[in-house]
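Novice: okay, sequence plus prediction incoming.
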Amino acid sequence: MVVLVIDIQKGITDNRLFDFEGFISNTKRVIETARSNGVEAIYVRHDDGPGTGFSVGDEDFEIAEQVSPINTEKIFDKTINSCFGNKDLSEYLQKLDDKRLMIVGLQTNYCIDASVKSAFEKGFEVIIPAGTNSTFDNDYMDAETTYHYYNDMMWPKRFAKCVSVDEAVSMLAGGVSR
């Protein structure tokens, strides 16, 4: 199993997110459990391109301090919503023997949704721990409704196994490691 930490970047990781404190707490718990059990955590950053304020070299582009990677953890950058748009990451994941991906990060209705569906299409078993993805209000739904739309209706029994944080931690501690 691998934990993919997607787009938890300084420019979008703040209290505008649905259940910000819970999101940070749950995500940190998953990452720390993965580390303590030898499960690889891979970080992905979204790059909107030079001059956008959200690109390589920009402060907002960097991974948020609350979930900073350690020196041995890989970081991949992408320019489209799905993390599988990064060819190197996609090839790396395809070579793994264990085809389970636990996905956490931002934003529920953009890069998380695109990555969940891409992973599913590529034959991965996708696991989404509750409270480990979030988003902002948009013109159509508030952030809480958007979160529940994907986590409670769109992904379960279609594209991902949505589990409690306790169940996710148990899966990570149970031992599929790299």
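Specialist: It's in.
Novice: now do the helix or strand hosting Phe23: distance to the chain's middle.
Specialist: When elements are assigned from DSSP states H and E, Phe23 belongs to helix 20-36. Using C-alpha atoms, centre = their mean, to the nearest Å, we find the averaged C-alpha position of helix 20-36 to lie 11 Å away from the chain's own average C-alpha position.
Novice: so for that helix, what gets flagged as buried?
Specialist: When neighbours are counted by 16 or more other C-beta atoms under 10 Å, the buried residues of helix 20-36 are found to be Phe23, Ile24, Asn26, Thr27, Arg29, Val30, Ile31, Thr33, Ala34, Arg35. Quick note: C-beta positions are derived from backbone N, CA and C, even for glycine.
Novice: next: stretch 117-134.
Specialist: Within stretch 117-134, the residues scored as buried using 16+ other C-beta under 10 Å are 117-120, 124, 126-134.
Novice: now these as TSV including pLDDT?
Specialist: Written out in TSV, the entries for the buried residues of stretch 117-134 read as follows (pLDDT from 0 to 100):
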residue	pLDDT
Lys117	98
Ser118	98
Ala119	98
Phe120	98
Phe124	98
Val126	98
Ile127	98
Ile128	98
Pro129	98
Ala130	98
Gly131	98
Thr132	98
Asn133	98
Ser134	98
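Novice: so which of those would you say is closest to Ser164?
Specialist: Distances from Ser164 to those, taken as C-beta to C-beta, are shortest for Ala130 (5.4 Å).
Novice: show me what contacts the closest one?
Specialist: Contact criterion C-beta atoms under 8 Å, 6 or more residues apart in numbering gives Asn26, Asn151, Cys162, Val163, Ser164, Val165 as the residues in contact with Ala130.
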